[in-house]
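> using only what follows, build the 3D model:
(chains A, B, C and D)
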Protein chains: 2
Amino acid sequence: MHAVDTRGEILEIAARLYAGLGYSAVSMRDLAGEVGVTQANLYHHFRSKDDLIRETLAHVFAQKTAPMVELLERPGTSSQRLAAFVNWFVRLLVEDRVFFRLLVRELVDGDGARLKALADSVLERPFSLVSSLADPQRPKDERFLAAISIIGLMLGHVQLAALLPYLPGGRPEQADPSVVARHITTVLRRAFHDEAREK
Amino acid sequence: MHAVDTRGEILEIAARLYAGLGYSAVSMRDLAGEVGVTQANLYHHFRSKDDLIRETLAHVFAQKTAPMVELLERPGTSSQRLAAFVNWFVRLLVEDRVFFRLLVRELVDGDGARLKALADSVLERPFSLVSSLADPQRPKDERFLAAISIIGLMLGHVQLAALLPYLPGGRPEQADPSVVARHITTVLRRAFHDEAREK
DNA sequence: GTCTATATTCCGATAGAC
DNA sequence: GTCTATCGGAATATAGAC
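From the prediction side, this is the model:
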């Protein structure tokens, strides 16, 4: 039952290495070395490097869908649910660098097949739910764009956080998840909810 | 005077290849083949692959700074200038895929030295100007975060556009630069300017 | 399921002729 | 400034023993 799960271990370590250096910069030798098996053994579990990459992505992304959907389906006003989601997702992006980097890598480098797999396996359901975080009274078309804005704003903030130490006026606490999440929630509420503008 | 500028040609083609496949996936052989010279010749112009990568990035990013600063320094209300900048920058990200992909690559993969070089060479001055696009009456701290939101929102939108064909309710025109820019401008005005909320 | 050993191709980089 | 030729090592992938 608790026999060493070599295959799972390979996927975990592959995710970490691919996230850190990119697919082509991580050789099967490097990976095998980190896992503690021989290179040939990797070919027992996966038929090629490309196959391993695909399985790694599925492994990492699939873990996130369930909690994300669970969070988005909790009851509350759209404004409350928005705040809760932003808080959770910003924290996820900041704290799970493996997830974050693999996600960005796929968005930028992924071909049609891989993007479709990503959309189908993890993003479709959450995306529909995120669309409902904008004020329900707004037109449907705006709510679709709003969903992209909600996710995109968080993604952009976390990416640009890497530049923060080198920008004039940048201070470390501006990359703190709580600070970022609060700021983003305020921005999105002003944009997509009819609430008072004041702080 | 108009002698063939091999070095410049190498940089242009390197930018395109690195943007498309990533640094480690583009060999000096591949690059030399595309340029139409031998691999050894690359080492006459650049001392190493790493050196070539750094020079390629500097070459691509430096071209963008001047027009960006020029645009940001045009007169107008902060609201007008915001709209003009969003329009221009979204179009840049959508239409210059080389710039877009190299930028994202650096944000995610760049080490401290390369990020600092990027910040110093191209982003520092524009970033200060972007900070001034938020309503000047707002507190300074919010205006710094606002600058990150302004750039981050555009970056996020363009990245997520790749997923659009695979999301429920996604339609091609939602990736159109004019549509995206208009939406983003509306969002940012609601968030950072004290204007009427109506359409 | 894991290993050793190896085939084949490709990598970054250099030497030296023209 | 560009070339041919080559070095030493690393890449993916496979064959076959245990």
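
> burial count for the closest residue in space to A:E73 that isn't next to it in sequence?
Using Cβ to Cβ, 6 or more residues apart in numbering or on different chains and skipping the chain neighbours, the partner closest in space to A:E73 is A:L129 (6.8 Å). For every residue, glycine as well, the C-beta is placed using N, CA and C. A:L129: 17 surrounding residues under other Cβ atoms under 10 Å in any protein chain shown.

> am I right that A:L129 is in contact with A:S78?
No. Assessed by Cβ atoms under 8 Å, A:L129 is found out of contact with A:S78, at 10.8 Å.

> quick check: longest helix of chain A.
Longest helix of chain A, by residue count under DSSP state H: helix A:49-72.

> looks like A:E34 contacts A:L17 (just checking).
Yes. Counting by Cβ under 8 Å, A:E34 does reach A:L17; the two are 6.6 Å apart.

> pick out whichever of these two has more residues nearby.
A:L17 (20 against 15).

> what's near enough to touch the more buried one?
A:V26, A:D30, A:L31, A:E34 (Cβ atoms under 8 Å, 6 or more residues apart in numbering or on different chains).

> specify which member of those residues is nearest to chain B.
A:V26 (8.9 Å; Cβ to the nearest Cβ).

> contacts only, for A:V94.
A:F100, A:V158, A:A161, A:A175, A:P177, A:V180.

> quick check on A:D176: phi, psi?
Note on A:D176: backbone dihedrals following degrees, to the nearest 10 are phi -60, psi 130.

> can you pull the contacts of it?
Here A:D176 is in contact with no residue (Cβ under 8 Å, 6+ apart).

> tell me how far A:F85 lies from A:A147.
11 Å (Cβ to Cβ, to the nearest Å).

> quick check: neighbours shared by those two?
A:V130, A:L133.

> so who does the closest residue to A:Y43 other than its chain neighbours touch?
Counting by Cβ to Cβ, 6+ apart, A:Y43 lies nearest to A:M28, which is 7.9 Å off, once chain neighbours are set aside. Residues in contact with A:M28, defined by Cβ under 8 Å, 6+ apart, are A:Q39, A:L42, A:Y43, A:K49.

> CSV for those residues, including secondary structure?
Listed next are these as CSV, based on DSSP: H, G, I helix; E, B strand; the rest coil:
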residue, secondary structure
A:Q39, helix
A:L42, helix
A:Y43, helix
A:K49, helix
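
> gap between the spatially most central residue of chain A and A:F61?
For chain A, A:F100 is the residue whose C-alpha lies nearest the centre (Cα atoms, centre = their mean; 4.7 Å). A:F100 is 12 Å from A:F61, where distance means Cβ to Cβ.

> okay, the angle between the helix or strand hosting A:V90 and helix A:49-72?
Here A:V90, judged by DSSP states H and E, is contained in helix A:78-95. Note on geometry: by axes from the mean of the first three to the mean of the last three Cα atoms, to 10 degrees, helix A:78-95 and helix A:49-72 are set 150 degrees apart in direction.

> so which of the contacts of A:V94 are in helices?
Per DSSP H, the contacts of A:V94 map to helices at A:F100, A:V158, A:P177, A:V180.

> among those, who's most crowded?
A:V180 (27 neighbours).

> report pLDDT for that one.
What the model reports as pLDDT for A:V180 is 98.

> for DNA strand C, see how far away it is.
Separation of A:V180 from DNA strand C (Cβ to the nearest atom of the strand, to the nearest Å) stands at 37 Å.

> list the contacts of that residue.
Contacts of A:V180 by Cβ under 8 Å, 6+ apart are A:V90, A:V94, A:M154, A:H157, A:V158, A:A161, A:Q174, B:L145.

> equivalent analysis for A:L52, please.
A:I10, A:A14, A:L42, A:F46.

> will you turn those into JSON lines that also has pLDDT, neighbour count and secondary structure?
Listed next are those as JSON lines, based on pLDDT from 0 to 100; neighbours: other Cβ atoms under 10 Å in any protein chain shown; DSSP: H, G, I helix; E, B strand; the rest coil:
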{"residue": "A:I10", "pLDDT": "97", "neighbour count": "23", "secondary structure": "helix"}
{"residue": "A:A14", "pLDDT": "98", "neighbour count": "27", "secondary structure": "helix"}
{"residue": "A:L42", "pLDDT": "96", "neighbour count": "22", "secondary structure": "helix"}
{"residue": "A:F46", "pLDDT": "96", "neighbour count": "19", "secondary structure": "coil"}
